[in-house]
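K.L.:
Quick one: sequence and predicted model below, then my questions.
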Amino acid sequence: MRNALTIARREIGAALASPVAYVLFGAFAFLYGYFFADYLQSFVEAGMRMSQMGGFSGGTLNVNTDLLRWLMASTAILVLFLLPLLSMRTVSEEIRSGTMELLLTAPITDGQIVIGKFLAALALYCGMLALTGLHVGVLFWFSRPEIAPVLAAYLGLLLLGAGLLALGLFFSSLTRNQIVAGLLTFGALLVLWLVEFAGARGGEFGRVLAYLSVTGHMEGFARGVIATRDLAFYLSFAAFWLYLARESVRSRRWRG
Amino acid sequence: MLRRPGNQSPRVPNLIESPLLQTAVEPLVQVDRVSKRYGRTLAVADLSFGVAKGEVLGFLGPNGAGKTTTMRVITGFMPPSEGRVLVGGLDIAESPLEVRSRIGYLPENPPLYPEMEVTAFLEFAARLRGVPKGGIRPAVERAIERCALGEARERIIGKLSRGYRQRVGLAQALVHEPEVLVLDEPTAGLDPKQIHETRKLIRTLAGERTVVLSTHILPEVTVTCDRVVIIAGGRLRAEDTPENLVARLGAAERGRGTWEIETAAPADAAEAALRAVPGVARVEAGPETAERTLVLQVEAAGDRAIATDLARALLEAGCPLFGLRRGGASLEDVFLALTTEETETNGTGDSSDATGAPEEHP
């Protein structure tokens, strides 16, 4: 574990020394801020309409179910598009610059290298998610939403990110070119996102496709429901790609 | 490209069957019948040699001879296709982490993170190599001092000059005080002063550490190494001390010596005088220099006493004598004899690198 943390620490330092992380954080903050403002405005307008009708509709608006749920689901899509930028350089850059030789001749296992890089990417992603705490905090300042569903949604986002980063790490370990790694990751994620729509057409095969959708499993979390099936999906998804990443790093040794 | 062992030309003395091949001491690093294949290419073929504790072993061969591949196998970067490597009695394949922690490796391109400061990078390298927490700072300080990095300690690696980067590379290989240091062309790309300093540093490491260094620069071997392994085409061609290699090639050309005599132009008078000396077989004048001097290559029978005769003959003929030096067999000759049958490009590339060899050889 110490070895993995050594790798992770250096990795985070490197990311914060390069402009990529800041551009990414900035882009995320901007887009998330836009979503937030948009959803909040719709929410407020709906609330005003409702009060004009004098409670005839019989329903009430809830910050949790009518605002945060949609905001969190949209954040998942945002993350899907942005995370390849975070994962693409992780291994590719080491291969390109020759520092992979340093890591592969150090007394650490290939698995520790992969885990270290994964933890670093995950930590940066957590930093990114922390930016949203500001917006969500505002909601807590002005109203009294339930905290548990919000935490469940964050857990979902964290698991989703872990899965996406593990996949990105694998593609990054395939090539010395980080752009290629990024595009491959992006392509793979696009496919895993679109299967949700393909799956919506129903049928036995459709259900399989729907299950494979990376964002589909986020809906439960966004509603505040932690389902074993969704947990299992994200954890096994991350484990699967981390395993492949380790095998890919190992195969570098044979290929030279 | 690969030749069968029986294919050697008769002019090349068979240096592999050396009595020194069987070292008396148990070697610290033992390369045992290692072969490495990349797809269909055989990069290293059935290579065996040992490195004794405290020894500096020069790993010599033309570009593409399999030096880097062999070093990558020794450092545990890649597993061999066949054979095994033992370090301190441990098989790399069986206990890779234990073996890797005993080795410091400087690859051909120093593995550096350009965005890091020198000190931070060395701390990372120490931690990565398993130096215990309390020992990291002192280890980094030692490495910085050893490699004369004091002035660059707070600087960003990406902004350092090539020479400094090479030194940082060396420092990261040394930082965990490894028993074995593997250096792949440690002086490549350095200026002459830096080369001198690097060689001096390597020499100071000898004795306490075992060093394997690869190079295609011949003087480097005579200056820094206790023993030489010459490989070409992935195969072992010779293994011995630099002196012995030269001596045995010299013995193969027994009774003949070459001499280089520097005198004033024109050459006619000097040539005639030298030809008259008994024992002289051949005299050949080199090109005239701007200072109107030239070098004569004289091939003569007999031992070194003939030098006196050559000098006397020259002076009696009224020609000035600016320099007289034994050419003889140098490591360069051994190297060329053993490797020139490889691909043309490799041979020429390396001989041009090696022109400085006779100066540094005793």
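P.N.:
Sure thing, it's come through. Owing to the predicted nature of the structure, the values given are computational and were not obtained by experimental measurement. Numbering: from 1, shown residues only, chains lettered A, B, ... in the order given.

K.L.:
only C-alpha atoms for contact and neighbour calcs from this point on.
P.N.:
Fine.

K.L.:
Contacts for the host helix or strand of A:Phe81 next, please.
P.N.:
According to DSSP states H and E, A:Phe81 maps onto helix A:69-87. Residues outside helix A:69-87 that contact it (C-alpha atoms under 8 Å, 6 or more residues apart in numbering or on different chains): A:20-21, A:24, A:28, A:31-32, A:35-36, A:39, A:121, A:153, A:157, A:160-161, A:164-165, A:168-169, A:172, A:182-183, A:185-186, A:189, A:215, A:218-219, A:222-224.

K.L.:
Only whichever of those residues are buried, select them in PyMOL.
P.N.:
In PyMOL, this line selects whichever of those come out buried by 16 or more other C-alpha atoms under 10 Å in any protein chain shown:
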select buried, chain A and resi 21+24+28+32+35+36+39+121+153+157+160+161+164+165+168+169+172+182+183+185+186+189+215+218+219+222+223+224
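
K.L.:
Get me the contact residues on the stretch 101-250 of chain A for chain B.
P.N.:
Counting by C-alpha under 8 Å from any C-alpha of the partner chain, the residues of the stretch 101-250 of chain A lying close to chain B are A:Glu101, A:Leu102, A:Leu104, A:Thr105, A:Ala106, A:Pro107, A:Ile108, A:Thr109.

K.L.:
Let me know the distance separating the third one from B:Gly207.
P.N.:
Same thing as A:Leu104. 27 Å (C-alpha to C-alpha, to the nearest Å).

K.L.:
ditto for the fifth one
P.N.:
Here the distance between A:Ala106 and B:Gly207 works out to 24 Å (C-alpha to C-alpha).

K.L.:
follow-up on the earlier one: so which of A:Leu104 and B:Gly207 has more stuff around it?
P.N.:
A:Leu104 (21 against 12; other C-alpha atoms under 10 Å in any protein chain shown).

K.L.:
Tell me the pLDDT of the residue nearest to that one when sequence neighbours are not counted.
P.N.:
Once flanking residues are discounted, A:Leu104 sits nearest to B:Phe77: 5.6 Å by C-alpha to C-alpha, 6 or more residues apart in numbering or on different chains. pLDDT for B:Phe77: 92.

K.L.:
who touches B:Phe77 in this structure?
P.N.:
B:Phe77 neighbours (C-alpha under 8 Å, 6+ apart): A:Glu101, A:Leu104, A:Thr105, A:Arg253.

K.L.:
do A:Cys126 as well
P.N.:
Applying C-alpha under 8 Å, 6+ apart, the residues near A:Cys126 are A:Leu158.

K.L.:
How about A:Val150?
P.N.:
By C-alpha under 8 Å, 6+ apart, A:Val150 lies in contact with A:Asn64, A:Leu68, A:Ala222, A:Gly224.

K.L.:
again, only using 10 Å
P.N.:
A:Asn64, A:Leu68, A:Arg69, A:Met72, A:Val136, A:Gly156, A:Phe221, A:Ala222, A:Arg223, A:Gly224 (C-alpha atoms under 10 Å, 6 or more residues apart in numbering or on different chains).

K.L.:
what separates it from A:Gly224, distance-wise?
P.N.:
7 Å.

K.L.:
can you list residues touching both of these two?
P.N.:
Shared contacts of A:Val150 and A:Gly224 (C-alpha under 10 Å, 6+ apart): A:Asn64, A:Leu68, A:Arg69, A:Gly156.

K.L.:
so A:Tyr32 makes contact with A:Leu131?
P.N.:
Yes - with contact defined as C-alpha atoms under 10 Å, A:Tyr32 counts as touching A:Leu131 (9.2 Å).

K.L.:
Next, show the common contact partners of these two.
P.N.:
A:Gly26.

K.L.:
Now do the same contact list for the residue of the stretch 101-250 of chain A found nearest chain B.
P.N.:
Nearest residue of the stretch 101-250 of chain A to chain B (C-alpha to the nearest C-alpha) works out as A:Pro107 at 4.4 Å. A:Pro107 sits next to A:3, B:76, B:96-103, B:128-130 when contact means C-alpha under 10 Å, 6+ apart.

K.L.:
Could you tell me which of the residues you listed are located in helices?
P.N.:
A:Asn3, B:Pro96, B:Leu97, B:Glu98, B:Val99, B:Arg100, B:Ser101, B:Leu128 (DSSP state H).

K.L.:
Out of the residues you listed, which end up buried?
P.N.:
Buried, going by 16+ other C-alpha under 10 Å: A:Asn3, B:Pro96, B:Leu97, B:Glu98, B:Val99, B:Arg100, B:Ser101, B:Leu128, out of those.

K.L.:
Please identify which pair of those residues lies farthest apart.
P.N.:
A:Asn3 and B:Val99 (16.4 Å; C-alpha to C-alpha).

K.L.:
Share the number of residues neighbouring residue 208, please.
P.N.:
Just so you know, I chose chain A. Per other C-alpha under 10 Å, the neighbour tally for A:Val208 reads 14.

K.L.:
actually it's chain B I care about, not the one you picked
P.N.:
14.
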